[in-house]
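Novice: sequence isn't available, so here's the structure alone:
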C-alpha cells in the first residue's frame, strides 16, 4: 500500500503562523514536529512507500523535513522507505492531484490518500480503520473515512451513512442543521482521507469527470521525470486541468463508495480554536509558552517565541506574535482570520513569507527593513548554492560571520572567511555558495531605491543544495 500525501493549501486560517511559503503542515507546532512529519511517521507503519504531492515551491520543505528523520535514531527507518514526489506548478484541487499520483502507480496498487496537515491522536483506532478500508479497497470500492462528530461543527462537510453505505454527501451546514446531524447519529465529518486501488479511482474519474481525466493524462505523459522519483508537471499542462475536488469529481457520483466510521481523535487543525484544543495548557487554561507571563489571565491561546508576552486580566483570547505580525482575536472568532489575510494581501507580503524565509539552500532572516536599506542574516547549508543573479535597483555588502563563502562576482571567484567582506555593485552578476561542511552565515546589507524581492534577475535559476 502506498501513502499519497497531499501537501497543498496555504493554511490562511492559521495566519500569521502559516504563510504561503511556509504553510501550516510544515510549521513545527507539536513537540518540535510538523503535521507533515507526524503524517509520514503515522502512515509509515501501514504503507510500504509514499507519494508526496506538493507545490514545486514547497518541495524542498518536504524533502528537508524527511531528511531530518535520518538525524533521529528512532526514526531513521523512515528515510529508507521509497519516496516519490509529484510536483505541481499550481494547484488544481484534490481530484487532479490524486489522479496524477495514481498515474505513477500500478493500477492494482492500493493507495491511502491523506492530507498532510491533520492531527490523529488515537493511532490504534486509526490502524483498525485503515485495515478495514484496505479490505474494502481490495474489493474495488472507493473508501472514505467518516469521523464521528463530537459537537455540531459548521466548518466541515458531512457524510450521511447507513452502516458503511454512503447515502449522501452534505455541504457545510448551519448550526441548527449540524445539531440535527449530531443527534441523528449516522452523520460523519468528511475527513478528506481515502483508500482505493489506483486503477479503480482512475476508471471512476474517467467515467464521471472525463475532462479532468484526459487533461491529467496529458499532463502526466508530458511530465519531467527525474531519476524515477520526482515528477514535475509542466505549467501549461497543469493549468489546462479543470479544477475540482475529489468529492465533486468522483465520490458524490460513484456507486462504488463505502465509508469507514472512525473514532480516531482527529482534527484538521483548521483554526486557532482547533489548535487551542490540541496544545498543552497550564493550570489556568493558557497554552504553555516559555515566553509568556500572566496575571489573572485564563483560557488563552498564546503563541510567540521571539518576544516576551505578558497579559493581565484577560480571558478567552487568541494572541499570536510572529515578529512581523501580531494577531489578537476572541476565541470562537478565529475562522474570520482568513478574511484578514484577504485584507492584507493587496499591499504587503505578510501573507506570503515570514521574517525568516526557508529556501532550498538555507534561510534568510530580515533583521531591519527601511525604505532605503535592508539588513538580512543569510544562512547557507553545506552544499548550498544561490542562483547566479543581478539587481537593477540595489547594491549589496556581504560580511561573513562564520563558515567559508565562495562568491562569484562577474568573472571572478573569491573565497571569504569569518570577518571578511565584499561589495556587490548594482547590476553586477553574482552568486553565493557554500562548499564547506559547516553552515555559512553572512550579514547582507542592501542599499537602493527599491528593495523588493522581485528585483532579482536570475541568469541561472538553479539555486539548490547539491
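Specialist: Yep, that arrived. Treat the numbers as computed from the prediction; the structure is a model and nothing was measured. Numbers count the residues shown, from 1 in each chain.
Novice: in the protein, which ranges drop under the pLDDT threshold?
Specialist: Along the chain, the model assigns pLDDT under 70 to residues 227-228, 461-466.
Novice: show the end-to-end separation of stretch 180-191, please.
Specialist: In stretch 180-191, first residue to last residue: 19 Å (CA to CA, to the nearest Å).
Novice: and the residue nearest to residue 106 when sequence neighbours are not counted, what does it touch?
Specialist: Spatially, and ignoring its direct neighbours in sequence, residue 106 is nearest to residue 198 (6.8 Å; CB to CB, 6 or more residues apart in numbering). Yep, even glycine has a C-beta here, placed from its N, CA and C like the rest. Neighbour list for residue 198: 102, 103, 105, 106, 107, 108, 109, 110, 111 [criterion: CB atoms under 8 Å, 6 or more residues apart in numbering].
Novice: and the buried ones among the residues you listed, selectable in ChimeraX?
Specialist: Selection command for ChimeraX covering only the buried members of those, criterion 16 or more other CB atoms under 10 Å:
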select :102,103,105,109,110,111
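Novice: for residue 361, see how far away the residue nearest to residue 164 when sequence neighbours are not counted is.
Specialist: The shortest distance from residue 164 to any residue other than its chain neighbours is 4.9 Å, reached at residue 258 (CB to CB, 6+ apart). To residue 361, residue 258 is 46 Å away according to CB to CB, to the nearest Å.
Novice: so residue 413 is in contact with residue 422, correct?
Specialist: No: judged on CB atoms under 8 Å, residue 413 makes no contact with residue 422 at a distance of 11.6 Å.
Novice: neighbour count winner among those two?
Specialist: For the pair residue 413 and residue 422, the greater number of neighbours falls to residue 422 (17 against 11), based on other CB atoms under 10 Å.
Novice: list the contacts of that one.
Specialist: Under the criterion of CB under 8 Å, 6+ apart, the contact list for residue 422 reads 397, 398, 407, 409, 414, 416.
Novice: for PyMOL, write the selection for the buried entries among the residues you listed.
Specialist: Only the buried entries of the contacts of residue 422 go into this PyMOL selection, using 16+ other CB under 10 Å:
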select buried, resi 398+407+416
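Novice: what touches both of residue 413 and residue 422?
Specialist: Counting by CB under 8 Å, 6+ apart, the common neighbours of residue 413 and residue 422 are residue 407.
Novice: wait, is residue 180 part of a helix?
Specialist: Yes: secondary structure of residue 180, determined by DSSP: H, G, I helix; E, B strand; the rest coil: located in a helix.
Novice: which residues touch it?
Specialist: Taking CB under 8 Å, 6+ apart as the contact definition, residue 180 lies against nothing.
Novice: and the gap between it and residue 149?
Specialist: Residue 180 sits at a distance of 11 Å from residue 149 (criterion: CB to CB).
Novice: rewinding a little: measure the residue nearest to residue 106 to residue 377 for me?
Specialist: In this structure, residue 198 and residue 377 are separated by 45 Å, where distance is defined by CB to CB.
Novice: what are the bridge partners for the residue nearest to residue 164, then?
Specialist: residue 143, residue 165 (DSSP bridges).
Novice: surely it is in contact with residue 145?
Specialist: No: Residue 258 lies out of contact with residue 145 (CB under 8 Å); the separation is 10.2 Å.
Novice: re earlier: mind putting the contacts of residue 198 into a markdown table with distance to residue 43?
Specialist: Compiled in a markdown table, the contacts of residue 198 are given as follows (distance: CB to CB, whole Å):
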| residue | distance to residue 43 |
| --- | --- |
| 102 | 17 |
| 103 | 21 |
| 105 | 15 |
| 106 | 19 |
| 107 | 21 |
| 108 | 20 |
| 109 | 15 |
| 110 | 13 |
| 111 | 11 |
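Novice: farthest-apart pair in the contacts of residue 198, please.
Specialist: 103 and 110 (15.5 Å; CB to CB).
Novice: so which of residue 258 and residue 145 has more stuff around it?
Specialist: For residue 258 and residue 145, the more surrounded residue by other CB under 10 Å is residue 145, and the numbers stand at 27 against 21.
Novice: residues making contact with the helix or strand where that one lies?
Specialist: In this structure, residue 145 sits in strand 142-147 according to DSSP states H and E. Applying CB under 8 Å, 6+ apart, the set of residues contacting strand 142-147 from outside is 129, 133, 136-137, 159, 161, 166, 188-191, 193-196, 200-201, 204, 250-251, 254, 256-264, 266.
Novice: just the buried residues from these, in ChimeraX please.
Specialist: This is how ChimeraX selects the buried members of these, with burial counted by 16+ other CB under 10 Å:
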select :129,133,136,137,159,161,166,188,189,190,191,193,194,195,196,200,201,204,250,251,254,256,257,258,259,260,261,262,264,266
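Novice: what about the strands in the stretch 151-300 of the chain?
Specialist: Remark: strands assigned in the stretch 151-300 of the chain by DSSP state E, counting those that start in this stretch are 158-162, 165-170, 187-197, 224-226, 230-232, 257-262, 266-267, 292-295.
Novice: which one, of the ones you listed, ends up nearest to residue 14?
Specialist: Evaluated with CB to CB, the strands of the stretch 151-300 of the chain place strand 266-267 nearest to residue 14, the distance being 12.4 Å.
Novice: and that closest one, what does it pack against?
Specialist: In terms of contacts (3 or more CB pairs under 8 Å, 6 or more residues apart in numbering; DSSP states H and E), strand 266-267 is packed against strand 119-120, helix 272-278.
Novice: of those, which stretch is the most buried?
Specialist: Each of those was scored by mean neighbour count; the highest is strand 119-120, a mean of 20, by mean count of other CB atoms under 10 Å.
Novice: quick one: list the elements packing against that one.
Specialist: Going by 3+ CB pairs under 8 Å, 6+ apart, strand 119-120 lies up against helix 35-44, strand 266-267.
Novice: next secondary structure element downstream of it?
Specialist: Going C-terminal from strand 119-120, and assigning secondary structure by DSSP H and E, you next hit helix 123-138.
Novice: now do that following helix against strand 142-147, angle only.
Specialist: 160 degrees (axes from the mean of the first three to the mean of the last three CA atoms, to 10 degrees).
Novice: so which elements touch helix 123-138?
Specialist: With contacts defined as 3+ CB pairs under 8 Å, 6+ apart, the secondary structure elements packing on helix 123-138 are strand 110-115, strand 142-147, strand 187-197, strand 257-262.
Novice: would you list the strands of the stretch 151-300 of the chain in JSON lines and tack on distance to residue 239?
Specialist: As requested, the strands of the stretch 151-300 of the chain are exported to JSON lines (distance: least, CB to CB, whole Å):
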{"stretch": "strand 158-162", "distance to residue 239": "31"}
{"stretch": "strand 165-170", "distance to residue 239": "28"}
{"stretch": "strand 187-197", "distance to residue 239": "24"}
{"stretch": "strand 224-226", "distance to residue 239": "16"}
{"stretch": "strand 230-232", "distance to residue 239": "14"}
{"stretch": "strand 257-262", "distance to residue 239": "29"}
{"stretch": "strand 266-267", "distance to residue 239": "33"}
{"stretch": "strand 292-295", "distance to residue 239": "45"}
